[in-house]
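>>> Below: sequence and its predicted model.
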Amino acid sequence: GDRAARVWETQAWSHKAAGRESRGSGGGGRSRAARRSAVYDALREYDSRWQSLLLSEWRSEQDLLREQLREWPERRLEREGWLLKDLEVMRLPDCFGEPVLK
């Protein structure tokens, strides 16, 4: 639904961790794959703990912004930084042909 899959949810890295751990690093330390696995475990824990709260906060902010855009006069939107006027779009050769606001 609302979001794309995160890399730590896809398990795309797990086959690398399993292959490396079975071979061992030879140095007695933790392999890069094992460290990566630990990082992804921590990200999964963070995600499960905070994601619903962060998503709720983001949706609330989006609702407030939509209300402000609908209700506030242009002058206030401009003063608050939500409305930019007198802009020109141009393409610069050194910006890979991407639009640049001037």
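All right, it came through fine.
>>> what's the closest non-adjacent residue to Lys85?
Glu78 (6.4 Å; Cβ to Cβ, 6 or more residues apart in numbering). C-beta coordinates here come from the backbone N, C-alpha and C atoms, glycine included.
>>> Relative to Glu57, how far out is Arg66?
Between Arg66 and Glu57 the distance is 15 Å, computed by Cβ to Cβ, to the nearest Å.
>>> er, Ala33 actually
Ala33 is 34 Å from Glu57, by Cβ to Cβ.
>>> give me the number of residues near Ser37?
20 (other Cβ atoms under 10 Å).
>>> okay, it: pLDDT?
At Ser37, the model reports a pLDDT of 86.
>>> State the helix or strand in which it lies.
Taking DSSP states H and E as the criterion, the element that holds Ser37 is helix 32-71.
>>> Next, the buried residues of that helix.
By 16 or more other Cβ atoms under 10 Å, the buried positions in helix 32-71 come out as 33, 36-37, 40.
>>> list the buried ones in stretch 78-91?
So for stretch 78-91, nothing qualifies as buried (16+ other Cβ under 10 Å).
>>> before we move on, the earlier item: does anything pack onto the helix holding Ser37? Which helices or strands?
Using 3 or more Cβ pairs under 8 Å, 6 or more residues apart in numbering; DSSP states H and E, the elements in contact with helix 32-71 are helix 7-10, helix 14-23, helix 74-80.
>>> hmm, try it at 6 Å
helix 7-10, helix 14-23 (3 or more Cβ pairs under 6 Å, 6 or more residues apart in numbering; DSSP states H and E).
>>> Lowest average confidence across the ones you listed, which one?
The bottom spot among those, by mean pLDDT, belongs to helix 14-23, with a mean of 52.
>>> what's the pLDDT at Arg32?
In this model, Arg32 carries a pLDDT of 84.
>>> ugh, wrong one, I meant Asp2
55.
>>> and if you look at the one 3 residues further on?
Confidence per residue is given as pLDDT, and for Ala5 that number is 67.
>>> I'd like to know which helix or strand in the protein has the lowest mean pLDDT.
helix 14-23 (a mean of 52; mean pLDDT, DSSP states H and E).
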